[in-house]
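**Student:** Next come a sequence and a model predicted from it.
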Amino acid sequence: MIGSGPGGLAAAIAARDRGAERVCIIERAEELGGILQQCIHNGFGLQVLGADLTGPAYAQHFINRLRDTDVQPLLDTMVLEITPERYIYATNSRDGIVEIRAGAIVLSMGCRERTRGALAIPGTRPAGVYTAGTAQRMVNIEGYMPGRRFVILGSGDIGMIMARRLTFEGAKVERVLEIMPCLSGLKRNYVQCLQDYDIPLQLCRTVREVKGSNRVEAVLSVAVDEQWQPIPDSEELIPCDTLLLSVGLIPENELSRRVGIQIDSVTGGPVVDESMGTSLPGFFAAGNVVHVYDLVDWVTVAGEVAGRAAAEYALGQAPAVARRLRTVAGDNVRYVVPHLLDPESLARGPQQLQFRVRQPIEEKVRVVIEADGAAIWHKTERYVRPGEMVTAKLAPKLYDQVKSVTELRVSVRERG
């Protein structure tokens, strides 16, 4: 396992439980748990554990389970290269260069934040511009307040959670700006983190310019139209000393690309099948390295799937696959994961598709799955939003309807 966040931990435990004799987790940090260690708010584990835990407590649950096994953690170790033959080259200060030959590899590197450089925000380059996750680590782990008067760009979950956290520490969050006409994070975080603390959210607005010499002194915000273009005479100067960016996460796939794994241009993660297997035999992917999940619980479930499948591959027990059908993003759907599905897997048990919509629909929503053009599955939703993932669970009874088709098309429409 490369990475010890929730996906890597779950994959390691599942692989060992499935019979893999030797399991190793390679982690570049000095402790297991990944990003969970800095997420001290609660809300983790409700679905998987039936408990409302903080991030560190959720991580500790799986770390404790790991300690009951002989899984070997290799901490403070950076993976430099992986090869199609499943050689791993890594380095640390204890052993120098480490070479590992793996029977199967689970990629669980997580994701990273989009930075100011990726946004190309004009203005000066003063101190006081941080990603929300960086600020989270500074406050929750290092005990350092990055500022006192904040503007947050983006309504992603980390940004909204940090708006509340900074308010707890006595800071003033002037407002949260979102370029989209809807939230990019979960509605529950909007209610619990912004509304409950009277932190204003402005939709269809962004930062046009950062002001300041040595330190951020203000940001110039502007309203945008449907094409995200600035609307004339809509500028507002907002005094602040810190700008936090919560403008999206990018799956961490440099290793995946370099080894030649096929990457989905929409998600930025590997193209995977129902077992979380990638385009290279023996390589599996788990969690946010595939696509960015709403809930850590779902990352854990995906990690368990990848870990079991990796163990079966390494043990020579993976089921034979005659063919796979494609899952296709239809009306108002950005992408669907998994991208490929073995029809026979549906005969063995339920299969799950997860996807995100392009545009919100606030009522009368119908989700439809078509097999080569024929509708085979549907459900209704109260609403759909780009910031909230949608799940479709396909029952084994659909096997006869998919065993001979070439694609499943997922569409989300407004009910007539």
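**Tutor:** Perfect, I can see it now.
**Student:** now stretch 254-263: how far from the chain's centre is it?
**Tutor:** Mean-position distance between stretch 254-263 and its chain equals 18 Å (Cα atoms, centre = their mean, to the nearest Å).
**Student:** I misspoke; the intended subject was stretch 315-334.
**Tutor:** Relative to where its chain is centred, stretch 315-334 has its mean C-alpha point 20 Å off (Cα atoms, centre = their mean).
**Student:** Tabulate the CA atom coordinates of that stretch in PDB.
**Tutor:** Taking Å, rounded to 0.1, in the frame of the first residue of the first chain, the C-alpha atoms of stretch 315-334 are listed here in PDB:
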ATOM      1  CA  LEU A 315      -2.400 -15.100  -4.300                       C
ATOM      2  CA  GLY A 316      -3.500 -16.100  -7.900                       C
ATOM      3  CA  GLN A 317      -7.100 -16.200  -6.800                       C
ATOM      4  CA  ALA A 318      -8.500 -13.300  -8.900                       C
ATOM      5  CA  PRO A 319     -11.600 -14.400 -10.800                       C
ATOM      6  CA  ALA A 320     -11.200 -14.700 -14.600                       C
ATOM      7  CA  VAL A 321     -12.800 -11.800 -16.500                       C
ATOM      8  CA  ALA A 322     -14.000 -12.500 -20.100                       C
ATOM      9  CA  ARG A 323     -15.000  -8.900 -20.800                       C
ATOM     10  CA  ARG A 324     -16.000  -5.700 -19.100                       C
ATOM     11  CA  LEU A 325     -18.700  -3.200 -20.100                       C
ATOM     12  CA  ARG A 326     -18.100   0.600 -19.900                       C
ATOM     13  CA  THR A 327     -20.000   3.000 -17.600                       C
ATOM     14  CA  VAL A 328     -20.700   6.200 -19.300                       C
ATOM     15  CA  ALA A 329     -21.600   9.700 -18.100                       C
ATOM     16  CA  GLY A 330     -25.000  10.600 -19.600                       C
ATOM     17  CA  ASP A 331     -27.200  13.600 -19.200                       C
ATOM     18  CA  ASN A 332     -26.000  16.000 -16.400                       C
ATOM     19  CA  VAL A 333     -23.400  13.600 -15.200                       C
ATOM     20  CA  ARG A 334     -19.700  14.500 -15.000                       C
END
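**Student:** Tell me the buried residues in that stretch?
**Tutor:** Going by neighbour count (16 or more other Cβ atoms under 10 Å), the buried part of stretch 315-334 is 318, 324-325, 327-330, 332-333. Where you see a C-beta, it was placed from the backbone N, CA and C, and this is true even at glycine.
**Student:** Output those in TSV, with distance to M78, pLDDT and secondary structure appended to each entry.
**Tutor:** Output for the buried residues of stretch 315-334, formatted as TSV (distance: Cβ to Cβ, whole Å; pLDDT from 0 to 100; DSSP: H, G, I helix; E, B strand; the rest coil):
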residue	distance to M78	pLDDT	secondary structure
A318	30	91	coil
R324	34	93	coil
L325	38	94	strand
T327	34	96	strand
V328	37	96	strand
A329	35	96	strand
G330	41	96	coil
N332	41	96	coil
V333	37	97	strand
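**Student:** Return the closest of those with respect to I361.
**Tutor:** N332 (7.4 Å; Cβ to Cβ).
**Student:** Now that closest one: closest residue in space, sequence neighbours ignored.
**Tutor:** The shortest distance from N332 to any non-neighbouring residue, by Cβ to Cβ, 6 or more residues apart in numbering, is to V412 (4.6 Å).
**Student:** I'd guessed that neighbour sits against R356; true?
**Tutor:** No: using Cβ atoms under 8 Å, V412 makes no contact with R356, being 9.5 Å away.
**Student:** quick revisit: so what sits opposite the residue nearest to N332 in the bridge?
**Tutor:** V367 (DSSP bridges).
**Student:** That one - how many residues pack around it?
**Tutor:** Around V412 there are 22 other residues, counting by other Cβ atoms under 10 Å.
**Student:** residues touching it, list them.
**Tutor:** By Cβ atoms under 8 Å, 6 or more residues apart in numbering, the contact set of V412 is 330-333, 357, 361, 365-368, 381, 384, 390.
**Student:** lowest-confidence helix or strand of this protein?
**Tutor:** helix 116-119 (a mean of 73; mean pLDDT, DSSP states H and E).
**Student:** Show the subsequent helix or strand relative to that one.
**Tutor:** Past helix 116-119, further along toward the C-terminus, the next helix or strand under DSSP states H and E is strand 129-131.
**Student:** contacting residues around the helix or strand just after that next one?
**Tutor:** Moving toward the C-terminus from strand 129-131, the next helix or strand (DSSP H and E) is helix 132-140. Contacts of helix 132-140 with the rest of the structure, by Cβ under 8 Å, 6+ apart, involve 35, 38-40, 113, 130, 144-146, 152, 154, 156, 158-159, 161-162, 165-166, 169, 242, 244-246.
**Student:** Kindly give a single ChimeraX line that selects the buried subset of the residues you listed.
**Tutor:** To isolate the buried members of these in ChimeraX, using 16+ other Cβ under 10 Å:
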select :35,38,39,40,113,130,146,152,154,156,158,159,161,162,165,166,242,244,245,246
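**Student:** From the contacts of helix 132-140, which land in helices?
**Tutor:** Those of those mapping onto helices are 158-159, 161-162, 165-166, per DSSP state H.
**Student:** want to throw the residues you listed into JSON lines with distance to Q192 and pLDDT?
**Tutor:** Compiled in JSON lines, those are given as follows (distance: Cβ to Cβ, whole Å; pLDDT from 0 to 100):
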{"residue": "I158", "distance to Q192": "14", "pLDDT": "92"}
{"residue": "G159", "distance to Q192": "14", "pLDDT": "94"}
{"residue": "I161", "distance to Q192": "9", "pLDDT": "96"}
{"residue": "M162", "distance to Q192": "13", "pLDDT": "96"}
{"residue": "R165", "distance to Q192": "12", "pLDDT": "96"}
{"residue": "L166", "distance to Q192": "15", "pLDDT": "96"}
